[in-house]
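1. quick one: sequence and predicted model below, then my questions.
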Number of protein chains: 2
Amino acid sequence: MKRLSVLGSTGSIGTQVLAVAECHPDQLEVVALAAGRNTDLLIHQAKRFRPRLVSVASPHDAARAQDALSDLDTRVLCGAEGLVEVARAGADLVVGALVGRLGLEPVLAALQSRTDVALANKEVLVMAGPLVLREAERSGARVLPLDSEHVAIHQAMAGHPREGVRRVILTASGGSLRGASREEMERATPEQALSHPNWEMGPKITVDSATLMNKGLEVIEARWLFDLDPDRIDVLIHPESIVHSLVEYVDGSWLAHLAVPDMRIPIAYVLGMPARLPLSEVRPLDLAAIGALHFERPDPGRFPCLELAWHAVRSGGTVPAALNAANEEAVGAFLERRIPFTGISSAVRWALERTPAQPGFVLEEILEVDRGARAHAREWVEEHHA
Amino acid sequence: MKRLSVLGSTGSIGTQVLAVAECHPDQLEVVALAAGRNTDLLIHQAKRFRPRLVSVASPHDAARAQDALSDLDTRVLCGAEGLVEVARAGADLVVGALVGRLGLEPVLAALQSRTDVALANKEVLVMAGPLVLREAERSGARVLPLDSEHVAIHQAMAGHPREGVRRVILTASGGSLRGASREEMERATPEQALSHPNWEMGPKITVDSATLMNKGLEVIEARWLFDLDPDRIDVLIHPESIVHSLVEYVDGSWLAHLAVPDMRIPIAYVLGMPARLPLSEVRPLDLAAIGALHFERPDPGRFPCLELAWHAVRSGGTVPAALNAANEEAVGAFLERRIPFTGISSAVRWALERTPAQPGFVLEEILEVDRGARAHAREWVEEHHA
């Protein structure tokens, strides 16, 4: 029996983690849950899984949850402290599925208490890769992937000696504006950017898919998760989102992971490791029905965010943290219709040029860079489209 | 250092095995070589690799080789006995790259002397799967694949628990007549059947690619190599020959092996196992340049040989041996322009219907079925197109 703590249990990844756990009650036990503002859903989940501990956003939410769960032997906490307690509630695996920098301290807490972490919350590694990896190395706990591309790489590397790996290729759907011209991108509305062809995700990540910044953030994650030199990571556009990533070996062999785009597939792999959890619910992959899988190189002229991410991962230190922070601000401004789609990369570039880089081994340093980069990105938004 | 004996060193696979060995002299040592009729090339190979033992076809060839190799400390043998001695010359791995039933006894000899065998000579498993596997089980030696599809499956299964495998898919290029109509197939000449789009191979196997019998024989091999129920094996047409096979897992994950069509790639994998031997000589795979990978279901109406192979593998015993023998005769008759391309499957079906099945655990029984099926196939050829 594997015990799970789920940070972010009411979000898109969190609910799918619980859906997989529900299908395998003999192998997975949920011991702690932490939610954001969706207290109703958290209460529903707690009644279903009877965890020892739950955490909600505010003291007000905590009182409500306490009331609703009075029949159960479940402790209720709230706020940042609650997240940290859920992370060290004695699970075998902590699922890190919070959004943004909120997830960083609970992940560090889990690693410090020698608990493996499966990480969907990509900002954690993007902001604080060196810090998180140092913590994992100290404690011996593992940082495992939980998104489709990195789980694909994990599967394609399992059982093959690491010295044999030449290169890793992350695939990108190309997002909602894959075929758009530079001019069409200038005029792209939030509605256009938000209509992703293959995956249903939140608005921030869907815009990141359209700029390819999402793939850039995943390059940074891959760099840390698999200890890869950035020059050994590449990106290919693959519009069907069936091949989730590829690993090239020194003998010219490649191993690729394929699956229908359904997050329960990578989730089940990581929750079940080393055994496979059967998923009879997912739609089977029918390659003959799909007919063709396409691949193309990303056009750097139309997707400058990808180049900015390459710059950040090659620079190292806190540059990826600055990239991530500036991008969050810029995407927010685009969704509020304050800047055009093409302004996102301009704001990020502006902020990167103005945020001094630090080594990135100290949390306060990272948070300072995060604040600085956000302020610079907002400057650009004000100056250019006030 | 891994010591190799190569059965069939002057053929297409054998020469590529030696090309890989030549690039990795610190890891691979050639201790014995056996050739068919190409004594000149064998002499050349022996001078280059200085094996302890070589074997050639006839006493006449042996005398010539002995003369040419008088400076070396190399023993020279010939005939069936020579093949068996090469198979048990004390190697760590015997490469079985002979053609047809000639390879069967040396492979059994290698396994009996507890030596792993890498098998390119597919007739060995097709004719005598139960017998070969029983011999391997008794001695503890392994039967490893050496063709691209089965090496692909081996790589996609390595490191993943076997209970997790749902299904295996072998890819087929579709051969030279992939897009031909039934009528065009009736009229197909040996020249048309022999123009394979992706691989350069001998005439028998190239015709087998065009009928899909080659894929059928590979289904039978996969059944034995990976101990798979035939219902867990499937075939897809993939004209680009880049994806060499796929393994489906119970969670909906698939792992695929991709590479440019170059036999040195699977050869290097098997010779190097568990380490990867770098192959800088092969053309790199560029998915963006290829652009699209296509998949389609094989049409049973146009490729009846595939159905005959399914019937054989499901029936078991000596039925695959009969299939293989009848097919060899029928392909020979087609290449001699005695029967049309579509007559190959008719002759095989005729022979299968008339050759009684046996359990297939005794060599003499298998050879008797082989002779019987050949005689029936020749009957069909005589009756229909004398």
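-> That came in fine, so what should we check first?

2. tell me the SS of the residue of chain A found nearest chain B?
-> Among all residues of chain A, residue A:159 sits closest to chain B, at 1.4 Å; criterion: C-beta to the nearest C-beta. To be clear about C-beta, it is placed using only N, CA and C from the backbone, and glycine gets the same treatment. With DSSP: H, G, I helix; E, B strand; the rest coil as the basis, residue A:159 sits in coil.

3. could you check the pLDDT of it?
-> Listed pLDDT for residue A:159 reads 92.

4. ok, it touching residue B:159?
-> Yes: between residue A:159 and residue B:159 there is a contact at 1.4 Å, judged by C-beta atoms under 8 Å.

5. where along the stretch 101-250 of chain A do the strands fall?
-> A:116-119, A:143-145, A:165-172, A:233-237, A:243-249 (DSSP state E, counting those that start in this stretch).

6. flag the shaky bits of the stretch 151-300 of chain A, pLDDT-wise.
-> Low-confidence segments of the stretch 151-300 of chain A, defined by pLDDT under 70, are located at A:199-200.

7. mind listing the helices in it by residue range?
-> A:182-186, A:190-193, A:203-211, A:213-225, A:264-272, A:287-290 (DSSP state H, counting those that start in this stretch).

8. quick one: the second one to chain centroid distance?
-> Once both centres are worked out by C-alpha atoms, centre = their mean, to the nearest Å, helix A:190-193 turns out to sit 21 Å from its chain's centre.

9. same check on the third one?
-> Relative to the chain's own centre, helix A:203-211 is displaced by 12 Å; criterion: C-alpha atoms, centre = their mean.

10. and if you look at the fourth one?
-> Offset of helix A:213-225 from its chain centre (C-alpha atoms, centre = their mean): 9 Å.

11. could you do stretch A:254-270 as well?
-> Counting by C-alpha atoms, centre = their mean, stretch A:254-270 comes out at 15 Å from the chain centroid.

12. output the helices of the stretch 151-300 of chain A in a markdown table; the columns should cover distance to chain B and mean neighbour count.
-> As requested, these are exported to a markdown table (distance: least, C-beta to the nearest C-beta, whole Å; neighbours: other C-beta atoms under 10 Å in any protein chain shown):
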| stretch | distance to chain B | mean neighbour count |
| --- | --- | --- |
| helix A:182-186 | 20 | 13 |
| helix A:190-193 | 24 | 16 |
| helix A:203-211 | 19 | 23 |
| helix A:213-225 | 15 | 25 |
| helix A:264-272 | 5 | 26 |
| helix A:287-290 | 4 | 16 |
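
13. let's have those in a markdown table, adding distance to residue A:25.
-> As requested, the helices of the stretch 151-300 of chain A are exported to a markdown table (distance: least, C-beta to C-beta, whole Å):
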| stretch | distance to residue A:25 |
| --- | --- |
| helix A:182-186 | 48 |
| helix A:190-193 | 40 |
| helix A:203-211 | 30 |
| helix A:213-225 | 29 |
| helix A:264-272 | 12 |
| helix A:287-290 | 33 |
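
14. out of those, which is closest to residue B:166?
-> helix A:264-272 (12.7 Å; C-beta to C-beta).

15. show me how chain A divides into domains.
-> A:2-146, A:177-260+A:301-315 (automatic domain parsing).

16. tabulate those in CSV, adding columns for distance to residue B:114.
-> Output for these, formatted as CSV (distance: least, C-beta to C-beta, whole Å):
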stretch, distance to residue B:114
domain A:2-146, 39
domain A:177-260+A:301-315, 27
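
17. what residues does the stretch 251-386 of chain A have near chain B?
-> With C-beta under 8 Å from any C-beta of the partner chain as the criterion, the stretch 251-386 of chain A meets chain B at residues A:251-260, A:262, A:265, A:268-269, A:272, A:274-279, A:282, A:284-285, A:287-288, A:290-297.

18. rerun at 7 Å
-> Residues of the stretch 251-386 of chain A lying close to chain B (C-beta under 7 Å from any C-beta of the partner chain) are A:251-260, A:265, A:268-269, A:274-279, A:282, A:285, A:287-288, A:291-297.

19. how about the helix or strand where residue A:305 lies: buried residues?
-> Secondary structure assignment for residue A:305, by DSSP states H and E: helix A:304-315. Within helix A:304-315, the residues scored as buried using 16 or more other C-beta atoms under 10 Å in any protein chain shown are A:304-313.

20. follow-up on the earlier one: are any of the residues of the stretch 251-386 of chain A next to chain B buried, and which?
-> Among these, those buried by neighbour count (16+ other C-beta under 10 Å) are A:251-260, A:265, A:268-269, A:275-279, A:282, A:285, A:287, A:293-296.

21. out of those, which sit inside strands?
-> Among those, the ones falling in strands (DSSP state E) are A:254-258, A:293-294.

22. and which of those residues is nearest residue B:66?
-> Closest to residue B:66, out of all of those and judged by C-beta to C-beta, is residue A:254, at 45.7 Å.

23. the closest one contacts residue B:258, correct?
-> Yes: when contacts are counted by C-beta atoms under 7 Å, residue A:254 is listed as touching residue B:258 (4.1 Å).

24. which neighbours do the two have in common?
-> Common contact partners of residue A:254 and residue B:258 (C-beta atoms under 7 Å, 6 or more residues apart in numbering or on different chains): residue B:285.

25. ok, for residue A:130, nearest residue in space, not its chain neighbours?
-> Among residues not flanking residue A:130 along the chain, residue A:360 sits closest, at 5.1 Å (C-beta to C-beta, 6 or more residues apart in numbering or on different chains).

26. and that neighbour, how many neighbours does it have?
-> 20 (other C-beta atoms under 10 Å in any protein chain shown).

27. and the pLDDT for it?
-> pLDDT, read off for residue A:360, is 86.

28. pretty sure it contacts residue A:320?
-> No: with contact defined as C-beta under 7 Å, residue A:360 and residue A:320 do not form a contacting pair (8.2 Å).

29. pLDDT score for the spatially most central residue of chain A?
-> With distances taken as C-alpha atoms, centre = their mean, chain A has residue A:122 as the residue nearest its mean C-alpha position (3.2 Å). Note for residue A:122: predicted pLDDT of 91.

30. what residues are up against it?
-> Contacts of residue A:122 (C-beta under 7 Å, 6+ apart): A:147, A:217-218, A:221.

31. for the stretch 101-250 of chain A, what lies in contact range of chain B?
-> Neighbours of chain B within the stretch 101-250 of chain A, by C-beta under 7 Å from any C-beta: A:155-156, A:158-161, A:164, A:236, A:249-250.

32. go again using 6 Å as the cut-off
-> Residues of the stretch 101-250 of chain A lying close to chain B (C-beta under 6 Å from any C-beta of the partner chain) are A:158-159, A:164, A:249-250.

33. in CSV, list those residues along with distance to residue A:201 and neighbour count.
-> Formatted as CSV, those follow (distance: C-beta to C-beta, whole Å; neighbours: other C-beta atoms under 10 Å in any protein chain shown):
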residue, distance to residue A:201, neighbour count
A:158, 26, 15
A:159, 31, 14
A:164, 34, 20
A:249, 31, 27
A:250, 35, 18
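
34. residue A:298 and residue A:219: what is the separation?
-> Residue A:298 is 11 Å from residue A:219, where distance means C-beta to C-beta, to the nearest Å.

35. next: residue A:172.
-> In terms of C-beta to C-beta, residue A:172 sits 10 Å off from residue A:219.
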